[in-house]
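**Student:** make a model of this:
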Amino acid sequence: MNPQPQRPQPPSVYPGAQNAAEARKLAEDLMDVMNGLLSIVERETELVRAGKLREAMQFEPKKAELSRRYVAVVGQMKASQKYLSQQAPELLKTLHRHHDVFRSMLQVNLTVLATAHAVSENIVRGVNAEMQRRSIPNTYTAAGRRATPSPRHITPLSVSRSL
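**Tutor:** Numbers count the residues shown, from 1 in each chain. A predicted model of the protein is given here:
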């Protein structure tokens, strides 16, 4: 069995921290972005739980902007990983703890959004099934069983997402 040769890591497109001031600034940027995202996500979660989906959708542009910033800062953190682990291990440990809390809060938000999606999908499927049931003629076979409707009797349901 031959060991796999290690591929060289491509250079990062993000600049890494080279000194303590840059590392501190990078940590502050990461904390600001995570706090901003958390405040939006918490508000969005409250609104979705309350059934106020239109209001929750208003946060999308700000959330997208903060997400872009988050990806950029995380890229810089990855580029600075070696420096931070050697020169500022306590800062790195603190950032990891905050990031774990951040991830758990995002998981709550994703669970709420997935639940809202599943509920709305079940409602739409239920409405469609009821509409189909009403539009299909009730006929029976010679054996006394209900006949399966032909495809020409099935009418598709269309939903407008702009409402």
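**Student:** name the helices or strands packed onto the one helix or strand in the chain whose mean pLDDT sits lowest?
**Tutor:** The weakest-scoring helix or strand in the chain, judged by mean pLDDT, DSSP states H and E, is helix 81-87 (a mean of 83). Using 3 or more Cβ pairs under 8 Å, 6 or more residues apart in numbering; DSSP states H and E as the contact criterion, the secondary-structure elements in contact with helix 81-87 are helix 20-49, helix 89-135. Heads up, the C-betas are built off the backbone N, CA and C, glycines and all.
**Student:** kindly calculate the angle that the last one makes with helix 20-49.
**Tutor:** Computed by axes from the mean of the first three to the mean of the last three Cα atoms, to 10 degrees, the angle separating helix 89-135 from helix 20-49 equals 20 degrees.
**Student:** so what does helix 89-135 touch, helix or strand wise?
**Tutor:** Using 3+ Cβ pairs under 8 Å, 6+ apart, the elements in contact with helix 89-135 are helix 20-49, helix 81-87.
**Student:** got it, and the first one?
**Tutor:** Counting contacts by 3+ Cβ pairs under 8 Å, 6+ apart, helix 20-49 is packed against helix 53-57, helix 60-79, helix 81-87, helix 89-135.
**Student:** deepest in the core, which of the helices and strands packed on helix 89-135 is it.
**Tutor:** helix 20-49 (a mean of 17; mean count of other Cβ atoms under 10 Å).
**Student:** from K63, how far off is the most centrally placed residue in the chain?
**Tutor:** Relative to the mean C-alpha position of the chain, the nearest C-alpha, by Cα atoms, centre = their mean, is the one of L110, at 5.7 Å. L110 sits 13 Å away from K63 when distances are taken as Cβ to Cβ, to the nearest Å.
**Student:** with R146 instead?
**Tutor:** Counting by Cβ to Cβ, the gap from R146 to K63 is 49 Å.
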